[in-house]
Structure formats: C-alpha cells, structure tokens
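Enquirer: the following block contains a protein sequence and its predicted model.
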Amino acid sequence: MRWILIYLLFLCWNISSAQESKICVTKETVKMDYEGYLLKITVEKDGKKYEAKPGVYQDWVGFLWEFDFKERAEILRQLSSYFDDYSLCSKAVEALLPAMGTVRTMVHNSKETQYTIAVEAMFLTNWLAFGDVATFLSTKPILFDVEKKTAVPYDDYKSIKKLAKLYKQWVKKKQKDENISYFEMFELDNGPVIWEGSDAMQTEERKRYFKETFKTDYKRFIENNKSLEAPK
C-alpha cells in the first residue's frame, strides 16, 4: 500500500509539473523600419515552446487560443511592466486587422509613424485580451487626445502616462478575476486619452451593437461588475 501511495504522489507531481508554464515577455533590440526595440513573448508549456516574434502582431492574437485565463493574465502582468517604457519601437505604425469581421477603428488617418514600447505593450494587451474584437478598440498603435481631437505624438509621454495608469489598474484587477468581458473595453476607452479611431466606442450606436451582439457576455459582465457603470 505504501508503494502505491508513493507512486500516486509521484504521478500527481509529474502531472502538476507538466501543467506549469514558463512565461517571459522581453524587450529585444530589433532593426526593422527604424533603430529601436520590440517586445517578444516566449512560453514553455507541456514540453512545447511558443513564441510570438517581435513585430509580428498577428502571432500575439493567436496566443489567445493557446493558453488558459491564468496564463494570459500573467502575460498581461508582464506586459504591464513596459507601460512606462518610452524606448522607440523599430517597427513603423501599421494596422493590425482582424482575421474575420470588419475593421472598426480606421476612421482617423493621422500621419504618426512611430510609437514607443509603452504604447506597443498596451496595444498588444488589447489584442491578447479581446482577440479580433479588439478591432473596436485599436487597429493601430496610435493614441488620441479626446479634448484636442488629435493624435498623440510618440514623444508625448505625459499623455501616454494617462492611458498607462488606466491600463495598470485594469491589469492589476485581472490578476484577481477569472475572466475577461468584451464590455471591459469601455473601461479602457473612458479617459482623456484613448486609441485613435476608438472614439466611436462611446456612441449609443456602438453600445447598442455590443449589447445586442454579445448578449451572454453582457449578462455575465453585469453580474460580475455590479459596482461599475455598465454601457447602457
């Protein structure tokens, strides 16, 4: 009996170890359109290695389907450590389009061509958290000043910091939650600095569209966030 118990304990330990994942988000020196940096993610899980190459943002969207919520929350936590990094990205501004559906944030067409690691980290947070539905929030790593109604220059660190504060709070909350709702995009789009093109998020038409399209998610969001003001 003793040997059977030892064997079962050993088996359980192996299963537990196999399920543990090693996650690492790093800043890499990569020369593309400019001299600068880009973020890279590497995940080792169950004997497999997953990598999202720097600048290949569609790879990051694919990560949404590879990992469970706890693992994604850890990736978000590591991304948040770069929300105050104002190093320049080496990749020029380029739209990330959804695999399916319609592009929703291409209304504006600013001439901004560069962005920082901080903006890249928040941009990738959107797509990692919401998948292709993030097209409602951001298709380009460009910020927008609501009051001035103009794009935020890449070196306007004060404006970047305003959005980063909101994202830090949200990521911190996700470490304690068990899911992510599409309606949380309204939380991330409710300050003085938003994403270029996402100003349509706060229209009655957009809120109505979300409620009608994601009915189950809306019901769960209301139940889990009774203290918050939900999109009406």
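Expert: Received, thanks.
Enquirer: show me what contacts Trp60?
Expert: 41, 52, 124, 127-128 (CB atoms under 8 Å, 6 or more residues apart in numbering). C-beta here means a position set from N, CA and C on the backbone, and glycine is covered the same way.
Enquirer: what about the helices in the chain?
Expert: Under the criterion DSSP state H, helices of the chain are mapped to 2-19, 57-62, 69-80, 117-130, 157-174, 204-213, 215-224.
Enquirer: mind putting those helices into JSON lines with mean pLDDT?
Expert: Converted to JSON lines, the helices of the chain look like this (pLDDT from 0 to 100):
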{"stretch": "helix 2-19", "mean pLDDT": "42"}
{"stretch": "helix 57-62", "mean pLDDT": "81"}
{"stretch": "helix 69-80", "mean pLDDT": "94"}
{"stretch": "helix 117-130", "mean pLDDT": "96"}
{"stretch": "helix 157-174", "mean pLDDT": "96"}
{"stretch": "helix 204-213", "mean pLDDT": "83"}
{"stretch": "helix 215-224", "mean pLDDT": "64"}
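Enquirer: most packed of the ones you listed?
Expert: Comparing the helices of the chain by mean neighbour count (mean count of other CB atoms under 10 Å), helix 117-130 comes out on top with a mean of 24.
Enquirer: just the CA coordinates of it, formatted as PDB?
Expert: Output in PDB follows, covering the C-alpha atoms of helix 117-130 (Å, rounded to 0.1, in the frame of the first residue of the first chain):
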ATOM      1  CA  ILE A 117       7.400  50.300 -26.200                       C
ATOM      2  CA  ALA A 118       4.800  51.600 -23.700                       C
ATOM      3  CA  VAL A 119       2.200  52.000 -26.500                       C
ATOM      4  CA  GLU A 120       3.100  48.700 -28.000                       C
ATOM      5  CA  ALA A 121       2.600  46.900 -24.700                       C
ATOM      6  CA  MET A 122      -0.800  48.400 -24.200                       C
ATOM      7  CA  PHE A 123      -1.700  47.800 -27.900                       C
ATOM      8  CA  LEU A 124      -0.800  44.100 -27.500                       C
ATOM      9  CA  THR A 125      -2.700  44.000 -24.300                       C
ATOM     10  CA  ASN A 126      -5.800  44.900 -26.200                       C
ATOM     11  CA  TRP A 127      -5.400  42.100 -28.800                       C
ATOM     12  CA  LEU A 128      -4.300  39.500 -26.300                       C
ATOM     13  CA  ALA A 129      -7.200  40.200 -24.000                       C
ATOM     14  CA  PHE A 130     -10.000  40.600 -26.600                       C
END
